[in-house]
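Visitor: just the structure for this:
(2 chains)
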Amino acid sequence: MKKKLTTVEFHGTPEQEAALRAVIKKHAGEKGAMMPILQEAQGIYGYLPIEVQRIISLETGVSMEEIFGIASFYSQFKLNPDGKYAIAVCLGTACYVKGSGEVIEEISKQLNVPVGSTSSDGKYSVEATRCLGACGLAPVMTVNGEVYGSLKKSDVATILAKYV
Amino acid sequence: MDMINVKINGKTYSVAKGSTVLEAAKAAKIDIPTLCYLKDINEIGACRLCLVEVAEMRGPALGPWRMVTACVYPCTEGMEIKTSTPKITASRKMNLELLLSNHDKKCLSCVRSTNCELQTLCREYGVEFSRFDGATQEYAIDDHSPIIRDNNKCVLCRRCVATCAKVQGIGVIGANNRGFDTYIGSTFGINLADTSCINCGQCIVACPVGALYERDDTDKVFAAIADPSKHVVICTAPSVRAQIGECFGYEPGTDCEGKMVAALKALGFDGVYDMNLTADLTIVEEATELIGRIQNKGVLPMITSCSPGWIKFCEHYFPEMTENLSTCKSPQQMFGAVVKTYYAQKMGWDPKDIFFVSAIPCTAKKFEVGRPDQSAAGVPDVDVAITTREVGRMIQKAGIDFKNLEDEKFDDPFDIGSSAGAIFGATGGVMEAALRYAAEIILGRKLEKKELDFVEVRGTEGIKTASYKLGDLTVNVAVASSTGKAKELLNMVKEGKLDVQFIEIMACPGGCVNGGGQPIQPAKVRMDKDLRAIRAGVLYNDDANETLRKSQDNLAVQVLYKEFFGEPNSHKAHEVLHTKYIKRGL
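Guide: Take a look at the predicted model:
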């Protein structure tokens, strides 16, 4: 899987940095600590931009590349934060055969946000998800958890108009 | 050593306990193909070309036959191994086809053609095209630094990754993304030039294919030679003569100095000079600086500055220690500076009309020529630095019959080099050469022949320490080769575990003889030959048979001081032969 690189400007706070340093300190000397450190760092910032990875690298002595290798390997790690409006379109089998591919493409086009990334102002993120378990409503999408079903490409503009 | 018995292809062998199947086969003179395997550095069983069939003892009887990767699978007592069955051949062939399905097969112009481990295997297994042609990945070539990465040819073996992280202690490259999207690159996909890469080129000599190579600067040199308004001169580093033969089929460890000089003259250089001379000049400057620091309580330990890979490593990883670096330029830069100041003046040439080329075993020197404060005459000291491999390619391209050339000698007036300068090419050599100079100064007398050997600092050991008593003064020294070992050594110094006054560091393991710009030997050769020791042998042989074994006795160096610099570390010498460093950090 190809991870989309960070497109959103970093606005970390001193409080977040202090929390991150505390996490690293807590795991100091622990073998295999990188996974929990990255998970907790993502808990603090919502994603793992280069600025956060640099702090982790300098504090742990693990090279930047090794950390990025881990962060880009596992789907659980995000290089972009969820947008203010986090849009997720199901690309599970049922939704896909009912045309969710077209729907996500339309969303991406209208918002000018590539799938898997976040608009640079941090407002929208567009993500393809696996089966949401609502195949009866296929194709399905969610915006901040609110579910929209039986979608057509032509519904996209109306839905997006609610989130400005 | 504990031995166990195994049967390979029906014949019984006694092999060392703990051997892998690959090692056992090698000892039995049976070749098992490998691609990702690099002895001691990358043993991960990833490429699956070393597949063999084994059956192990289960109680009293032989268990079922299974396929395993020979490079990581340990031998057990009574094990039976088959290294070449139709099933194995079919599997290896399929794995090669899978590799080729996403490989940019531009073999005709590939820099590694005829020296490519993938190409060799495809030839051996009769694999010409892939049954699995389908989706392919396309990558932009990263050519922003002297180290060029073309991921379109990468086979994801990770030999470069392991070398960078484990041997050099740097780790600026690794596997990014997952599955079919996996590629080897740097953090967040940035260019190598923007990382803390030190341009050592050890990744290049680790690469089995053409995915990594140095920036080719040979066209610039050919163009300069063709330009009648330029005085085009070249100097060759100590270890180029010890390796250039490998480009023409000589065994590693063959000294080809005479043929190399003849070939360079045939290429049309106006002057072919011996860098051993400025190695000597470096020693005189550097050892004088060391004595000064010891006597005037300057910053100690002083660390050598000849290896540009090490310099950039220090600037990134030990910025607080840049004051410990000798301010001496490297022999390459000193040579260019001397030619463009002293020699230009003497000959009445405009330094702008001199095109100075250095032939070096090093890729980091390509970076060094562009560093600030390396322009003694107002123009860059060195115009182009070309690796041993590039020198070999130039000779081939020009159609020069290297093997049948008559030996020739370096050109006047830069033809004299002591063997103290020659051993610069091996780890510990700079230290030994400096000690031969410093000892005479401190003792105030000439050293006797038997006092010239400082054997404790020789050898391929990663870290060496020694203590020498020179009159009333005890000098503690340390030598490290590979930046991974340098990191270890400097941490010991920082923690106060090691008290030394003088440290020699070379970025490449074994020193320049094993530099990133040297001819590439396949993993198979590296499996049973220690190239570092074999290549260094050329230089130490030279030293043993030479009468001029001290830098300070080099007449050409003495002339330089008499006619131009005055004395070591003079104001003029500082202007021309010394430089500054940058605290880069991470």
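Visitor: give me every residue in chain B lying close to chain A.
Guide: B:165, B:170-179, B:181, B:185-189, B:195, B:586 (C-beta under 8 Å from any C-beta of the partner chain). In this view, the C-beta of every residue, glycine as well, is placed from N, C-alpha and C.
Visitor: give me every residue that touches B:Val382.
Guide: By C-beta atoms under 8 Å, 6 or more residues apart in numbering or on different chains, the contact list for B:Val382 reads B:332-333, B:335-336, B:356-358, B:365, B:368-369, B:374.
Visitor: what helix or strand does the nearest residue to it once chain neighbours are set aside sit in?
Guide: In space, and not counting its chain neighbours, B:Val382 is closest to B:Gly336: 3.9 Å by C-beta to C-beta, 6 or more residues apart in numbering or on different chains. Counting by DSSP states H and E, the element that carries B:Gly336 is helix B:331-338.
Visitor: now that helix: mean pLDDT?
Guide: Per-residue pLDDT over helix B:331-338 has a mean of 98.
Visitor: other SSEs contacting it?
Guide: If you count contacts as 3 or more C-beta pairs under 8 Å, 6 or more residues apart in numbering or on different chains; DSSP states H and E, helix B:331-338 packs onto helix B:276-295, strand B:354-360, helix B:364-368, helix B:571-577.
Visitor: for chain B, give me the ranges with low pLDDT.
Guide: Residue ranges of chain B with pLDDT under 70: none are present.
Visitor: which single residue of it ends up nearest chain A?
Guide: Scanning chain B for the residue nearest chain A gives B:Gly171, at 3.5 Å (criterion: C-beta to the nearest C-beta).
Visitor: can you pull the contacts of that residue?
Guide: B:Gly171 neighbours (C-beta under 8 Å, 6+ apart): A:63, A:65-66, B:161, B:164-165.
Visitor: against chain B, how distant is A:Pro49?
Guide: Distance from A:Pro49 to chain B, counting by C-beta to the nearest C-beta, to the nearest Å: 9 Å.
Visitor: re earlier: how about residues contacting the helix or strand following the helix holding B:Gly336?
Guide: Once helix B:331-338 ends, the next helix or strand along the chain (criterion: DSSP H and E) is helix B:344-347. By C-beta under 8 Å, 6+ apart, the list of residues contacting helix B:344-347 from outside reads B:350-351, B:354, B:377, B:563.
Visitor: got the buried residues for stretch B:9-23?
Guide: Of all the residues in stretch B:9-23, those buried under the rule 16 or more other C-beta atoms under 10 Å in any protein chain shown are B:13, B:15, B:19-23.
Visitor: now do stretch B:339-348
Guide: Neighbour-count burial for stretch B:339-348, with 16+ other C-beta under 10 Å as criterion, is recorded at B:339-344.
Visitor: then stretch A:14-32?
Guide: Buried-residue list, stretch A:14-32, by 16+ other C-beta under 10 Å: A:20, A:23-24, A:27.
Visitor: please report how far the closest residue to chain B within chain A lies from B:Val493.
Guide: Residue of chain A nearest chain B, by C-beta to the nearest C-beta: A:Ser63 (3.5 Å). As judged by C-beta to C-beta, to the nearest Å, A:Ser63 and B:Val493 stand 22 Å apart.
Visitor: the more surrounded of the two?
Guide: Taking other C-beta atoms under 10 Å in any protein chain shown, A:Ser63 and B:Val493 do not tie; A:Ser63 has more neighbours (23 against 19).
Visitor: in terms of helices and strands, where is the spatially closest residue to that one that is not a sequence neighbour?
Guide: Nearest non-adjacent residue to A:Ser63, counting by C-beta to C-beta, 6+ apart: B:Gly171, 3.5 Å away. Using DSSP H and E, B:Gly171 sits in no helix or strand.
Visitor: output the below-cut-off pLDDT ranges for chain A.
Guide: Applying pLDDT under 70 to chain A flags residues A:1.
Visitor: around chain B, pick out the residues from it.
Guide: Proximity of chain A to chain B (C-beta under 8 Å from any C-beta) is limited to residues A:1-3, A:5-6, A:50, A:53, A:57-58, A:63-69, A:72-74.
Visitor: not counting its neighbours along the chain, what's nearest the most centrally placed residue in chain B?
Guide: By C-alpha atoms, centre = their mean, chain B has its centre lying nearest to B:Gly515, at 0.7 Å. Excluding the flanking residues, the one nearest B:Gly515 by C-beta to C-beta, 6+ apart is B:Pro361, at 3.5 Å.
Visitor: got the contact list for the one you found?
Guide: B:237, B:239-240, B:243, B:387-388, B:425, B:512-513, B:515-518.
Visitor: of all the residues you listed, which comes closest to B:Gly126?
Guide: Of all the contacts of B:Pro361, B:Gly126 sits closest to B:Gln518, with 31.8 Å by C-beta to C-beta.
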